[in-house]
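Novice: Quick check, what structure comes out for this input:
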Amino acid sequence: MALQDLTPQLRTRLSRMERLVGLFVSVATLLLIGGLSYYVYHVAQRKGWFLTKVPYFTFVRNAAGLKVGDKVKLMGFDVGEILEITPQPPDDVYFNVYLRFRVHEPFYGYLWEDSRARVAAADFLGNRYIEVTKGTNGHPTYLETNAVITGIWNDKTGGYDPFTKTSKGYYLLPQESPALTERLEKVVNIVEAALPQFLDLTNKLSAVLGNAASAASRADGLMADARPIVTNLAVITANLRDPKGSLGEWLLPPELHTRLQQTLLSANTALASANTAVTNTDARLALLVGNLNLTLENLANLTSNLHSQVAVNTNLVSSINKAITDADDLVQGLKRHWLLRSAFKEKKTNAPPAAPLRSPRATSRP
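Specialist: So this is what the prediction gives:
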């Protein structure tokens, strides 16, 4: 049916439907484009398409376990990937394999002129990886100005050369560990070299075990011969444990033991008596000290009373002094009285003998 044969109402509805379908297709197209752009952006961000990348290169002895696209690590992070693995010319006597890789920003800022490219084993299947080490001394490998790489360090000239897109990159000294296959081969060679010695050692060990078995049989015979000696030792130790005939009674006879006990009892009695005497002496001494203390207290009371009497009677001392003076005058008068003069005469004693005279010679001697 042609469009002209439709009624105006149908043509209006059809035109509306066409507009809705066109709008739906347009929105779906925009969403598809937006989703694709979002996916591409995140893929590019994850793979570092928008990051600045700088090239590096090094040399290895063997490319086993390494392939283009492998990640380059720094401190455990994925910071780049391997771009090229190429063998060196046959006449190169120093290096075997040329290896070029790149590092993303901002990790190339960790690489200085003392950084190294270390080739290490990744697993037990022979795979290996490149790990660059963080620099600690020297100059950065690349010079960055306003977020743009402008120079690359030149070790020979000691300065920065202009950096271009055609630059080969900065050379990192390699630190290559042998591949796992090489290590296994060395281990196998060592085992093969040590195997004859191991077999010889087992033969010697077998001979030693035979000698040990022979020594054990001889030891059994020796133990059988030593049984009488052990029996005799058991009898001797039994005698030593028995109070009758023990080692103590051998050293101390019964008579000496009895005398020693009596002596100890006498000494104990003497010590008890001395202890009693000391106890009585302590008691008596304590009583004497108590009586002496009481006497001193009475004397102190007497002197204090005398001092009080002297303090109260101020004329007592002068009176006593006068009485003593008068008594002395009385005695002197009695001495001069004719009746009592004979009673106060001093008795004559024998005069001491005179010293003997010495000769001049004796006095002149020194």
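Novice: Where does the prediction get shaky in the stretch 201-350 of the chain?
Specialist: Applying pLDDT under 70 to the stretch 201-350 of the chain flags residues 238-254, 310-317, 334-335, 337-350.
Novice: Helices of that one, start to end?
Specialist: Here the stretch 201-350 of the chain has its helices, by DSSP state H, counting those that start in this stretch, at 247-251, 254-312, 316-336.
Novice: For residue 60, find the nearest of the ones you listed.
Specialist: Comparing these against residue 60 with Cβ to Cβ, the closest turns out to be helix 247-251 (86.0 Å). In short, each C-beta sits where N, CA and C put it, glycine included.
Novice: Which one of the helices of the stretch 201-350 of the chain lies nearest to residue 122?
Specialist: Nearest to residue 122, of all the helices of the stretch 201-350 of the chain, is helix 247-251, at 79.7 Å by Cβ to Cβ.
Novice: what number of residues lie near residue 56?
Specialist: 25 (other Cβ atoms under 10 Å).
Novice: What of the one 3 residues further on?
Specialist: With neighbours defined by other Cβ under 10 Å, the count for residue 59 comes to 18.
Novice: Now it: which helix or strand?
Specialist: Assigned by DSSP states H and E, residue 59 belongs to strand 53-60.
Novice: same thing with residue 78?
Specialist: Residue 78 belongs to strand 77-87 when assigned by DSSP H and E.
Novice: Hmm, residue 155 is touching residue 138, no?
Specialist: No. In this structure residue 155 lies outside contact range of residue 138 using Cβ atoms under 8 Å: 9.2 Å.
Novice: Mutual contacts of the two, please.
Specialist: Common neighbours of residue 155 and residue 138, using Cβ atoms under 8 Å, 6 or more residues apart in numbering, are residue 113.
Novice: related to what we said a few turns ago, so what strands line up beside the strand holding residue 59?
Specialist: Paired neighbours of strand 53-60 in the sheet (DSSP bridges): strand 97-104 (antiparallel), strand 170-171 (parallel).
Novice: Now that strand: average pLDDT?
Specialist: The average pLDDT for strand 53-60 rounds to 94.
Novice: Please name every helix or strand in contact with the strand holding residue 78.
Specialist: Strand 77-87 sits against strand 53-60, strand 71-74, strand 97-104, with contacts defined as 3 or more Cβ pairs under 8 Å, 6 or more residues apart in numbering; DSSP states H and E.
Novice: Using a markdown table, lay out these together with distance to residue 85.
Specialist: Conversion of the helices and strands packed on strand 77-87 to a markdown table gives the following (distance: least, Cβ to Cβ, whole Å):
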| stretch | distance to residue 85 |
| --- | --- |
| strand 53-60 | 9 |
| strand 71-74 | 13 |
| strand 97-104 | 5 |
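Novice: what's the span of stretch 101-118, first residue to last?
Specialist: Start-to-end span of stretch 101-118 (Cα to Cα, to the nearest Å) is 13 Å.
Novice: ah, wrong one, I meant stretch 88-99
Specialist: Start-to-end span of stretch 88-99 (Cα to Cα) is 10 Å.
Novice: Residues in contact with it: which ones?
Specialist: For stretch 88-99, with Cβ under 8 Å, 6+ apart as the criterion, the contacting residues are 57-63, 66, 82, 84-87, 117, 130.
Novice: any idea which of those residues is closest to residue 289?
Specialist: Using Cβ to Cβ, residue 117 comes nearest to residue 289 of the contacts of stretch 88-99, at 103.6 Å.
Novice: Run through the residues that contact the closest one.
Specialist: Counted by Cβ under 8 Å, 6+ apart, residue 117 has contacts 56, 58, 99, 130-132, 172-175.
Novice: Helix, strand, or coil at residue 67?
Specialist: At residue 67, secondary structure determined by DSSP: H, G, I helix; E, B strand; the rest coil is coil.
Novice: show me the residues around it that make contact.
Specialist: Neighbours of residue 67 in contact, by Cβ under 8 Å, 6+ apart: 82, 85.
Novice: ok, now how distant is residue 43 from residue 50?
Specialist: Remark: distance between residue 43 and residue 50 (Cβ to Cβ, to the nearest Å) = 11 Å.
Novice: swap that for residue 78, sorry
Specialist: From residue 78 to residue 50 the distance is 16 Å (Cβ to Cβ).
Novice: so residue 153 is in which element?
Specialist: Using DSSP H and E, residue 153 sits in strand 148-154.
Novice: No further questions, thank you.
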